[in-house]
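Visitor: quick one: sequence plus predicted model below, questions after.
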Amino acid sequence: MQTLVAARNLRKTYRGRAVVDGVDLELRRGETVAVIGPNGAGKSTTLDLILGLKKADAGTVRFWRDDPLGRIGVQLQQTPFFPGLSALENLKLFASFYRVRLTDARARELLDTCGLLDAAGTEASRLSGGQQKRLAIAASLVHDPELVFLDEPTAALDPKARREIRMLIGKLAKAGTTVVFTSHDMEEVHRLADRVILIVKGRIAADGTPDALCAAHGVDGLEELYVKLTDETNGEVRS
Amino acid sequence: MNLTLLRTMTTASLRDRISLFYATLFPLGLFAGLGYYIDTPGYAPRLMVGTIALGTLFWSMAGQSFQVLQQRNRGVYKLLRVAPLASLNFIWWMILARTVLGVAMNGLIVLAGALLFGIRVTAAGLGCGLLLLIAGSLSFTALGFFVANLAKNEAQVNMISNLLYIPMVFGSEAFYSLDKVPSWLAAAGRAFPFQYLVDGLQRTLVHGETLPAVPLLMLVLFTAAGLLLAAATFRWDEHQPVIGVKG
């Protein structure tokens, strides 16, 4: 499989504390990768370093092409939208960030994919939390990216909204889009991810398919693996 | 793409009802009410200029501050950093949309001046006034960016803006002559672009002068200084500290 992103020895320190401490990771075409770990472990910072939203103190990130930005979609933990504009208008505006002219038909198709067709004309600020999150995901897809980063796409959502977003991630993966997402829900990770990267204290504590990782560590599921490795690394992190 | 940006930013600005109220209805009401109440010869033209300048200040500075703050706190600028569109390009179209609308709104006040008080403005005066308005709008917009960069939330935008509005408006000849105000207040007014806009508009719209050099030059200089301040303090996201200011 083609390597889309290769990060080597990424490091980031805040006030003397290493938040990302020598992370090496590769993202390959067609994979659905879950990045998991405790709060403050460095998951979002690692993604920010890869995307260039934060400057690394050390390390390198290589992409599969020289101009990757137009082929990458990003959904941040914040739900960006422009007050005063409808869901449809917001999508068109976000498409212009990628120099894409989004037709009404394509915008509606995208909203439909994200379960927002009924809310196309609703002002974005009036959408529910789940709908805003879905709009943020739709905005990350306006340019048909090859690689999508979704930062906690199902956090703080009700079960129905979570289910809809999981289905959406499943659809993206099926369509061949490479998806990287962060999550605290191990059941969700097991269901969606081909590969799991566990980050603890700024280092990669585990990297592999869910089944292989569970077998290697002698545990029954990802939740047990998560607890075991984060407990173990109370002292030292495995590499 | 740029047309999409201009159209959607214009739509978003037009749906910002609070800014619209302060930039259109409030100045129009102020102009009509005070114009009828203070029936002194020659006062209505001064009032028209003051109202235009005040509306421009509210629309370009306050409106821009709130818009930038909202967009930054919602992560729009972070998203822009991972998109091919240059942030400056986006900011330029946002400013242009606001400036075009601001100029159109001020057209309503000039029209009200003609209809309610019989104020006649020459074509040359209108043209030069337009140039000054654009320069004034840009300088206030740059200040609006600066205020939004310093503030973390809406309350702080209000506080910082008020600190700037008070010397700007009270230290200007927008609504009264500065002959009888303390000299320090007049000096404070000259430290901001507002008085230069008022002065320039009075010369062009009221007295029919063409291209008053000093006000125009001062507005251009204030715009340049404001842009430098805005660029030096620009923050991509709300957690990023202001450069040089511990936050």
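Guide: On my side now, so go ahead.
Visitor: what helices or strands is the lengthiest helix in chain A leaning on?
Guide: Ranked by residue count under DSSP state H, the longest helix found in chain A is helix A:159-174. Using 3 or more C-beta pairs under 8 Å, 6 or more residues apart in numbering or on different chains; DSSP states H and E, the elements in contact with helix A:159-174 are helix A:129-140, strand A:178-182, helix A:186-192. (Glycine included, C-beta is placed from N, CA and C.)
Visitor: and that helix, average pLDDT?
Guide: The average pLDDT within helix A:159-174 is 89.
Visitor: again, but for stretch A:74-85
Guide: The predicted model assigns stretch A:74-85 a mean pLDDT of 87.
Visitor: and that stretch, C-alpha only, in PDB?
Guide: What follows is stretch A:74-85, C-alpha atoms only, in PDB (Å, rounded to 0.1, in the frame of the first residue of the first chain):
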ATOM      1  CA  VAL A  74      -9.700  18.000   8.200                       C
ATOM      2  CA  GLN A  75     -12.400  18.000  10.900                       C
ATOM      3  CA  LEU A  76     -11.200  19.800  14.000                       C
ATOM      4  CA  GLN A  77     -12.500  19.300  17.500                       C
ATOM      5  CA  GLN A  78     -14.100  22.800  17.100                       C
ATOM      6  CA  THR A  79     -17.000  22.900  14.700                       C
ATOM      7  CA  PRO A  80     -16.100  25.700  12.300                       C
ATOM      8  CA  PHE A  81     -19.000  27.500  10.500                       C
ATOM      9  CA  PHE A  82     -19.900  31.000   9.500                       C
ATOM     10  CA  PRO A  83     -22.700  32.500  11.600                       C
ATOM     11  CA  GLY A  84     -25.400  33.900   9.400                       C
ATOM     12  CA  LEU A  85     -24.900  31.300   6.600                       C
END
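Visitor: in that stretch, what counts as buried?
Guide: Using 16 or more other C-beta atoms under 10 Å in any protein chain shown as the test for burial, stretch A:74-85 gives A:74-85.
Visitor: also stretch B:14-28?
Guide: Those would be B:15-16, B:19-20, B:22-24, B:27-28, for stretch B:14-28 by 16+ other C-beta under 10 Å.
Visitor: do stretch A:117-131 as well
Guide: A:119-120, A:122-124, A:127, A:130-131.
Visitor: over to stretch A:192-201?
Guide: Using 16+ other C-beta under 10 Å as the test for burial, stretch A:192-201 gives A:192-193, A:195-201.
Visitor: now, which of the buried residues of stretch A:74-85 lie within strands?
Guide: A:74-75 (DSSP state E).
Visitor: and chain B, which of the buried residues of stretch A:74-85 contact it?
Guide: For chain B, the contacts drawn from these by C-beta under 8 Å from any C-beta of the partner chain are A:74, A:76-85.
Visitor: what stretches of the chain score poorly on pLDDT?
Guide: Going with chain A. Counting by pLDDT under 70, the ranges of chain A that qualify are A:233-239.
Visitor: wrong one, chain B
Guide: B:1, B:241-247.
Visitor: what is the strand or helix carrying residue B:226 packed up against?
Guide: Element membership for residue B:226 (DSSP states H and E) is helix B:213-233. Where contact means 3+ C-beta pairs under 8 Å, 6+ apart, helix B:213-233 is packed against helix B:123-150, helix B:193-201.
Visitor: what angle do that helix and helix B:193-201 make?
Guide: 150 degrees (axes from the mean of the first three to the mean of the last three C-alpha atoms, to 10 degrees).
Visitor: ok, now which ones touch residue A:162?
Guide: Going by C-beta atoms under 8 Å, 6 or more residues apart in numbering or on different chains, residue A:162 touches A:154, A:185, A:188.
Visitor: again but with residue A:20, I slipped
Guide: By C-beta under 8 Å, 6+ apart, the contact list for residue A:20 reads A:10-12, A:42, A:45-46, A:49, A:56, A:202.
Visitor: what about 7 Å?
Guide: A:10-12, A:42, A:45-46, A:49, A:202 (C-beta atoms under 7 Å, 6 or more residues apart in numbering or on different chains).
Visitor: beta partners for it?
Guide: Per DSSP bridges, the residues bridged to residue A:20 are residue A:12.
Visitor: ditto for the one 5 residues further on
Guide: Beta-bridge pairing for residue A:25 (DSSP bridges): residue A:7.
Visitor: wait, isn't it in contact with residue A:197?
Guide: Yes. Using C-beta atoms under 7 Å, residue A:25 is in contact with residue A:197, at 6.2 Å.
Visitor: common neighbours of the two, please.
Guide: Jointly contacting residue A:25 and residue A:197 under the rule C-beta under 7 Å, 6+ apart are residue A:204.
Visitor: which of the helices or strands spans residue B:185?
Guide: helix B:183-190.
Visitor: what's that helix in contact with?
Guide: By C-beta under 7 Å, 6+ apart, the residues outside helix B:183-190 that reach it are B:167-168, B:170-172, B:178, B:195.
Visitor: and with 10 Å instead?
Guide: B:166-174, B:178-179, B:181-182, B:195-196, B:198-199, B:218 (C-beta atoms under 10 Å, 6 or more residues apart in numbering or on different chains).
Visitor: any idea how far it is from the chain center?
Guide: Computed by C-alpha atoms, centre = their mean, to the nearest Å, the chain-centroid distance of helix B:183-190 equals 20 Å.
Visitor: angle of it against helix B:213-233?
Guide: 70 degrees.
Visitor: CSV please, covering the buried residues of stretch A:117-131 and showing secondary structure and distance to chain B.
Guide: CSV is the format used below for the buried residues of stretch A:117-131 (DSSP: H, G, I helix; E, B strand; the rest coil; distance: C-beta to the nearest C-beta, whole Å):
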residue, secondary structure, distance to chain B
A:119, helix, 17
A:120, coil, 15
A:122, coil, 13
A:123, strand, 8
A:124, helix, 10
A:127, coil, 13
A:130, helix, 17
A:131, helix, 15
